[in-house]
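Asks: Got a predicted structure plus its sequence, pasted below:
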Amino acid sequence: MSVKIGISPIAWQNDDLPDLTAAYTMEQALKEAREIGYTGVERGQRMPADTEGLRAYLDTSDIALCGGWCSGSTLVNDLDAEIAVVREQVEQFVALNSPCIVYAECSNTVQGLIGTPVNDRPKLSKDEVLAYAAKLSELAKWKADQGMPMAYHHHMGTIIESEDEVNWLMEGSGPELKLCFDTGHLLFGGGDVMATLNRWGDRVHHVHFKDIRPGVVQDTRENNRSFLDAVIAGAFTVPGDGCIDFQAVANALKAMDYNGWIVVEAEQDPAKAPPYEYSKMGYDHIVEVCGKAGLEITT
């Protein structure tokens, strides 16, 4: 088994906070990511929308599509309506050999509301999450039938944020629904990184290596700051620059024969954390922990 190392361009081109990264271009993001050693990139909003245009755009930088965000509304849509919304992205990702679509419920999220504390996110009961998971499984089955795995991204500010909610989502869904395991979001949400990874290793299809700065997270919680406030303040950072033990994560991935992408996703203020410097720091740390774990890296 082996892994590939990719990155989200969000450090150079933040879709939620475009003014934060106005001095950078997507072309620079791809060029520098490839120079560092990353072989894949998740889709960004400022990339070409059409499939062939996107293919040529990525080929120019010799970089693969290693996933991409999908804002879901399964909580409020019926299956046919949600399929209609995601069909074009599914077809594009199949055509470009993406390993998955990274899906999160966004119909009632507060993650993009800078005036709303992340503590005030929507919450569902266990029974409600189980019902949602069953409904989501139907969408995941449809995507799987099209040849595109669906990896659910637990995310701050959404209905699936805490460890309990991740557990309920996995318990209530079928095996077609995979997990995008995000270390930073899980710890920010108060979860146990290793316990969750070990429990759901057989469902993990995509991995985000994201570190956190605990002091910023604590301030965000205690002073009712928004998710975007937390990003600007530096709640997230690259692997090796925060508090998460990525050696333990890499060891666990090796033990479970993980075979897929490890993706750096670490949105920060580039004035405080220059994208090239920090992205290289993250890449080097991943290479180090994978080497010690015996995880082969392929290109």
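Replies: Looks like it came in fine.
Asks: When you work out contacts or count neighbours from here on, use the C-alpha atoms and nothing else.
Replies: Will do.
Asks: so what's residue 256 up against?
Replies: 201-202 (Cα atoms under 8 Å, 6 or more residues apart in numbering).
Asks: Next, count neighbours for the nearest residue to residue 32 once chain neighbours are set aside.
Replies: With sequence-adjacent residues excluded and distances taken as Cα to Cα, 6 or more residues apart in numbering, residue 32 is closest to residue 276, at 6.5 Å. Look at residue 276: counted by other Cα atoms under 10 Å, it has 18 neighbours.
Asks: What's the per-residue pLDDT of residue 276 here?
Replies: pLDDT recorded at residue 276 is 98.
Asks: Please state the offset of the helix or strand harbouring it from the chain centre?
Replies: For residue 276, the element it lies in under DSSP states H and E is helix 275-293. The chain centroid and the centroid of helix 275-293 are separated by 17 Å under Cα atoms, centre = their mean, to the nearest Å.
Asks: Give the next helix or strand downstream of that helix.
Replies: Next along the chain from helix 275-293, counting by DSSP H and E, comes strand 296-297.
Asks: how close does residue 242 sit to residue 16?
Replies: 22 Å (Cα to Cα, to the nearest Å).
Asks: How many residues are close by residue 164?
Replies: 14.
Asks: For it, what are phi and psi?
Replies: The phi/psi pair for residue 164 (degrees, to the nearest 10) reads phi -60, psi -40.
Asks: OK, contacts around it?
Replies: Counting by Cα under 8 Å, 6+ apart, residue 164 has contacts residue 191.
Asks: cool, residue 269 as well?
Replies: By Cα under 8 Å, 6+ apart, the contact list for residue 269 reads 11, 20-21, 231-234.
Asks: what about 6 Å?
Replies: residue 232 (Cα atoms under 6 Å, 6 or more residues apart in numbering).
Asks: Next: residue 41.
Replies: The contact partners of residue 41, by Cα under 6 Å, 6+ apart, come to 6-8, 65-66.
Asks: Please apply the same query to residue 25.
Replies: Under the criterion of Cα under 6 Å, 6+ apart, residue 25 has no neighbours.
Asks: Mind doing that once more with 8 Å?
Replies: Here residue 25 is in contact with 12-13 (criterion: Cα under 8 Å, 6+ apart).
Asks: From residue 45, how far out is it?
Replies: Counting by Cα to Cα - residue 25 and residue 45 are separated by 12 Å.
Asks: cool, residue 144 as well?
Replies: For residue 144, the distance to residue 45 - Cα to Cα - is 24 Å.
Asks: How about residue 141: what's its closest non-neighbour residue?
Replies: residue 176 (5.6 Å).
Asks: thought the one you found was touching residue 139?
Replies: No. Using Cα atoms under 8 Å as the test, residue 176 is too far from residue 139 to be in contact (9.1 Å).
Asks: can you give me the strands in the stretch 1-150 of the chain?
Replies: For the stretch 1-150 of the chain, the strands defined by DSSP state E, counting those that start in this stretch occupy 2-7, 40-43, 64-72, 101-105, 150-153.
Asks: neighbouring strands for the last one, and are they parallel or not?
Replies: If I follow you right, that is strand 150-153. In the sheet, strand 150-153 lines up against strand 101-105 (parallel), strand 177-182 (parallel) (DSSP bridges).
Asks: Show me how far the longest one is from its chain's centre.
Replies: Put simply, strand 177-182 sits 9 Å off its chain's centre (Cα atoms, centre = their mean).
Asks: sorry, back to before: helices or strands up against the helix holding residue 276?
Replies: Contact analysis of helix 275-293 by 3 or more Cα pairs under 8 Å, 6 or more residues apart in numbering; DSSP states H and E lists helix 26-36, helix 246-255, strand 260-264, strand 296-297 as its packing neighbours.
Asks: try 6 Å this time
Replies: Contacting helix 275-293 under the criterion 3 or more Cα pairs under 6 Å, 6 or more residues apart in numbering; DSSP states H and E are the following elements: helix 246-255.
Asks: Mind listing what's buried along the helix it packs on?
Replies: For helix 246-255, burial by neighbour count (16 or more other Cα atoms under 10 Å) applies to 246-247, 249-254.
Asks: same question, stretch 24-42
Replies: Neighbour count says stretch 24-42 has 24, 26-27, 29-34, 36-42 buried, by 16+ other Cα under 10 Å.
Asks: thinking again about what came up before, tabulate the buried residues of helix 246-255 (JSON lines), appending distance to residue 293 and pLDDT.
Replies: Below are those laid out as JSON lines (distance: Cα to Cα, whole Å; pLDDT from 0 to 100):
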{"residue": "246", "distance to residue 293": "10", "pLDDT": "98"}
{"residue": "247", "distance to residue 293": "7", "pLDDT": "98"}
{"residue": "249", "distance to residue 293": "9", "pLDDT": "98"}
{"residue": "250", "distance to residue 293": "6", "pLDDT": "98"}
{"residue": "251", "distance to residue 293": "5", "pLDDT": "98"}
{"residue": "252", "distance to residue 293": "8", "pLDDT": "98"}
{"residue": "253", "distance to residue 293": "9", "pLDDT": "98"}
{"residue": "254", "distance to residue 293": "6", "pLDDT": "98"}
